[in-house]
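Colleague: Below are the sequence and a predicted model; questions follow.
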Amino acid sequence: MNVWEQGVDTVLFDKDGTLIDFPSIWIPWVEDSVHYLRERISEIEISPAEVKQAIGVDVTDGSVDPRSPLAIASIEESITIFAFLLYQKGLSWDSAVTYARECVAYADKRQNDSTSLQAVDQIYDLLGEMKERGMRLGVLTADDTDKARKQLEGLQLGSYFDFVIGSDLVERGKPFPDMAYLARDRYGVDLNRAAMIGDTNADIQLGKRAGVKLTIGIASYTKGKTGHLQEADYKICKYSELFGKE
């Protein structure tokens, strides 16, 4: 496909798996979560496999399920998942929530200080071309807004974007359209002339529910498998496909 021929003047991006390489940002986060829970809580036995399975990491090969909480859930939803796991292991709910919140805060801090983050292949070329053509660019992420901005700036991606909206700014996260509506109301985005690009079907559903003109699913870390992007108007494995070069 050629994105320049679609009548789009604004492009809305998901962040992780779409702008930032997913394994580079979230696999260390999971490992840090496992470490914190095992070191901090002495009264229960919790295995790395149990934590990874709960959040969506395949324990056999370390791959991430693109339909999983790790790929889609907000920070608050991740806290709830960890808390429920701890509750199932025998902790009271109040203790489980406290530990889960501390765990996510620890993993988030480690993530913010990480130097291992990488950008998705070809993203700089794509964003540069879009800005040269006068397109407005925004980020709609399940992550918290300030955290997302810092990560984008750390990879020299922040300057490409006119706005960043995280799930902490809306009542409902993905797949609901609240973030797109906030982009419309706060930044004047014409959703009828906008495209949504994301690596999960929740991103695609957000775009569809918001009434965007075009949805594009990218399979950046699933080894070419696109079945999880079943509702996307277009499916790609690399960004050069948007230039009409593939």
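Modeller: Cool, got the structure.

Colleague: Residue 66 sits in which helix or strand?
Modeller: Per DSSP states H and E, residue 66 falls between elements, in no helix or strand.

Colleague: list the contacts for the closest residue to it other than its chain neighbours?
Modeller: Spatial nearest neighbour of residue 66, chain neighbours left out: residue 228 (4.5 Å); criterion: C-beta to C-beta, 6 or more residues apart in numbering. Every residue, glycine included, has its C-beta placed from N, CA and C. Taking C-beta atoms under 8 Å, 6 or more residues apart in numbering, we find residue 228 in contact with 66, 67, 200, 201, 219, 222.

Colleague: want to throw those residues into TSV with pLDDT and neighbour count?
Modeller: Converted to TSV, the contacts of residue 228 look like this (pLDDT from 0 to 100; neighbours: other C-beta atoms under 10 Å):
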residue	pLDDT	neighbour count
66	88	25
67	88	14
200	93	25
201	94	23
219	92	20
222	84	20
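
Colleague: Now for the closest residue to residue 111 other than its chain neighbours, how many residues are close by?
Modeller: In this structure, residue 111 finds its nearest non-sequential neighbour in residue 29, 5.1 Å apart by C-beta to C-beta, 6+ apart. By other C-beta atoms under 10 Å, the residues close to residue 29 number 19.

Colleague: next one: the one 4 residues further on
Modeller: With neighbours defined by other C-beta under 10 Å, the count for residue 33 comes to 24.

Colleague: and if you look at residue 82?
Modeller: If we define neighbours as other C-beta under 10 Å, then residue 82 has 26 of them.

Colleague: which SSE is the residue lying closest to it once chain neighbours are set aside in?
Modeller: Nearest residue to residue 82 in three dimensions, chain neighbours excluded: residue 100, at 3.8 Å (C-beta to C-beta, 6+ apart). If you go by DSSP H and E, residue 100 is part of helix 93-112.
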